[in-house]
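Novice: Give me the fold of what follows.
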Amino acid sequence: MGFCRNILPVGSKSPFPGYELKTGALFNGGFQTFTWDKSKYIPLIIHINCSGGGNYYTARRAYFNLNNISKTILYLEDIDPGSCKGSTESDICTLTFANFEKMKDINTCSFSQSGGGSGFSLTATCTMWLEKVGA
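Specialist: Residues are numbered from 1 along each chain as shown. I've put the predicted structure just below:
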């Protein structure tokens with residue numbers, strides 16, 4: 001785990017009782033499954049940077065999966081000779097996939113891809129999370 005800190009002012013009351021709000025890098029990597037200790041952490045923001053290309057008559061998709069919900073993060077389709085390219089950079093808020101109480105029971109998320117063409121590259125980093133006080 002990299003550098004992390006509690007970003008709430010000292011003495012302030014947390015909107016998530018029993019947890020501190022932290023920033024830094026809880027986990028990072030490419031297309032893979034990420035796991036965490038659900039008794040200690042609740043990921044809130046996952047920053048993604050995804051780019052790729054498609055070739056003649058191909059359709060490519062990159063997905064984020066959490067709580068049995070899949071979200072397409074980049075879609076490319078090329079129906080003409082040649083190739084197409086695309087990229088996206090954004091933040092994914094896990095609370096759009098499950099509420100705070102349900103996130104306490106989730107300990108995994110994943111990124112995947114499908115289709116033909118030259119493939120995607122992806123970097124994903126959990127940049128904000130809740131950490132159980134005393135964990």
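Novice: CA only for contacts and neighbour counts going forward, please
Specialist: Noted.
Novice: Need the three-state assignment for Glu101.
Specialist: helix (DSSP: H, G, I helix; E, B strand; the rest coil).
Novice: For Thr23, see how far away it is.
Specialist: Relative to Thr23, Glu101 is positioned 20 Å away (Cα to Cα, to the nearest Å).
Novice: Neighbour count: these two, which is higher?
Specialist: Set Glu101 next to Thr23 and count neighbours by other Cα atoms under 10 Å: Thr23 wins out with 18 against 9.
Novice: can you pull up the bridge partners for the most centrally placed residue in the chain?
Specialist: Nearest to the mean C-alpha position of the chain, by Cα atoms, centre = their mean, lies Ile46 at 3.6 Å. Assessed by DSSP bridges, Ile46 has beta-bridge partners Ile92, Cys126.
Novice: from memory it sits against Trp129, does it?
Specialist: No - with contact defined as Cα atoms under 8 Å, Ile46 does not count as touching Trp129 (9.0 Å).
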